[in-house]
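**Student:** attaching a predicted model along with its sequence, questions to come.
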Amino acid sequence: MEDYIVRATAASAQIRAFACTTRTMVEKARQAHNTSPVITAALGRLLSAGAMMGRMLKGEKDLLTLQIKGDGPVRGLMVTADARGRVKGYADVPDVILPANAQGKLDVAGALGQGTLRVIKDMGLKEPYVGQTLLQTGEIAEDLTYYFATSEQVPSSVGLGVLMGRDNTVRQAGGFIVQLMPFAEEQTISALEHNLGEVTSVTAMLDAGMTPEEMLEKILAGLDCELLESAPTFFSCNCSRSRIEKVLVSLGKKEIEDLINEGKTVEVNCQFCNAHYQFSVEELKALVVNGFSR
């Protein structure tokens, strides 16, 4: 199954909902960063959330950033996404190994520790929107549920999951976000709460073969779920050699000349996709001539 996101509404637009399957995306991130199982689960959850929240953006050039900083061994996670389903991300420390938690599952909360969740929306305005909350559980889904309620005043339920295979590749990944509109009636709220109480986990639903559409139909059962659209989502990094050259130029002429004087090839790695870019001494000299000739 290819990765994609479904958007739906229910109960005469009292509810809006998103669901996604992101196995390929999360596996690509795992391969790019060589993440350990617990970090694959943590980053994968945030990638799935970013994919769905990116679809909430209205402008094609709008950009969403999700940033978690904690005192746990991973230190931090970063994900960016846009309205076209393009998502990328990385972990500060990708190879953390931890024992299973009390439930026998990957200890994502232990990897993150205590810290903050920041949501940054760059919508082309003078200043981006920035919302920040303290991590409540470190399980990411619950933290985003809390963020929506406190920072955006939108009652929400967020479910995220990553299931690893025995060979430590990604077997399943995905999630859902269900939100109540301000005019939601008590009867609608009660029915939705009942349905959510029947949901075991995202990975259980995906591993049972359910599609994002079927996940939403289960969560929104009896609430006249109307599927509006589906759209692809994928791990995509827009780094390039020319972009890296601009980064080097931004260091300043003296910094580049110092690198030239060392007489060694310089390697620059993209944090988001781990692509490697090498610049020889001659190429650095050309940057000095071309980058600072204006």
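**Tutor:** Ah, there it is.
**Student:** hey, where'd the helices end up in this structure?
**Tutor:** 23-33, 37-55, 108-112, 141-151, 186-198, 202-207, 212-219, 241-250, 253-262, 281-291 (DSSP state H).
**Student:** residue 158: which of those is closest?
**Tutor:** helix 141-151 (4.5 Å; CB to CB). Every C-beta, even on glycine, is put in place using the N, C-alpha and C of the backbone.
**Student:** mind listing what's buried in that closest one?
**Tutor:** By 16 or more other CB atoms under 10 Å, the buried positions in helix 141-151 come out as 141, 142, 143, 144, 145, 146, 147, 148, 151.
**Student:** check the helices of the chain for me and report the most buried one.
**Tutor:** helix 37-55 (a mean of 28; mean count of other CB atoms under 10 Å).
**Student:** what pLDDT, on average, does it get?
**Tutor:** What helix 37-55 shows for mean pLDDT is 98.
**Student:** distance between it and the chain's centre?
**Tutor:** The chain centroid and the centroid of helix 37-55 are separated by 4 Å, computed with CA atoms, centre = their mean, to the nearest Å.
**Student:** where's residue 82 relative to residue 65, distance?
**Tutor:** According to CB to CB, to the nearest Å, residue 82 stands 10 Å off from residue 65.
**Student:** which of these two has more neighbours?
**Tutor:** Shown here are residue 82 and residue 65; by other CB atoms under 10 Å, residue 82 has more neighbours (22 against 17).
**Student:** could you list everything that one pairs with in the sheet?
**Tutor:** Beta-bridge pairing of residue 82 under DSSP bridges involves residue 63.
**Student:** correct me if wrong: it contacts residue 57.
**Tutor:** Yes. In this structure residue 82 lies within contact range of residue 57 using CB atoms under 8 Å: 6.8 Å.
**Student:** can you check which residues contact both of the two?
**Tutor:** Applying CB atoms under 8 Å, 6 or more residues apart in numbering, one finds that residue 82 and residue 57 are jointly contacted by 63, 64.
**Student:** hang on, isn't residue 155 packed against residue 177?
**Tutor:** No. Using CB under 8 Å, residue 155 is not in contact with residue 177, being 11.6 Å away.
**Student:** below-threshold pLDDT in the stretch 1-150 of the chain: ranges please.
**Tutor:** The model of the stretch 1-150 of the chain has no residue with pLDDT under 70.
**Student:** list the contacts for residue 259?
**Tutor:** 266, 284.
**Student:** from residue 187, how far out is the most centrally placed residue in the chain?
**Tutor:** A centroid search over the chain (CA atoms, centre = their mean) returns residue 47, at 2.4 Å, as the residue closest to the centre. Using CB to CB, we find residue 47 at a distance of 35 Å from residue 187.
**Student:** and residue 204, by the same measure?
**Tutor:** Counting by CB to CB, the gap from residue 204 to residue 187 is 28 Å.
**Student:** what's the answer for residue 236, then?
**Tutor:** Relative to residue 187, and taking CB to CB, residue 236 is found at 42 Å.
**Student:** with residue 241 instead?
**Tutor:** Distance, residue 241 to residue 187, using CB to CB: 58 Å.
**Student:** hey, C-alpha coordinates of the longest strand seen in the chain in PDB?
**Tutor:** For the chain, the longest strand by residue count, based on DSSP state E, is strand 170-180. What follows is strand 170-180, C-alpha atoms only, in PDB (Å, rounded to 0.1, in the frame of the first residue of the first chain):
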ATOM      1  CA  VAL A 170       9.100  -0.700   9.500                       C
ATOM      2  CA  ARG A 171       6.100  -3.100   9.200                       C
ATOM      3  CA  GLN A 172       3.300  -0.500   9.700                       C
ATOM      4  CA  ALA A 173       3.100   3.200  10.400                       C
ATOM      5  CA  GLY A 174       0.300   5.800  10.300                       C
ATOM      6  CA  GLY A 175      -2.100   7.700  12.400                       C
ATOM      7  CA  PHE A 176      -5.300   9.800  12.700                       C
ATOM      8  CA  ILE A 177      -6.400  13.200  13.900                       C
ATOM      9  CA  VAL A 178     -10.000  13.800  14.700                       C
ATOM     10  CA  GLN A 179     -11.200  17.300  15.700                       C
ATOM     11  CA  LEU A 180     -14.400  18.800  17.000                       C
END
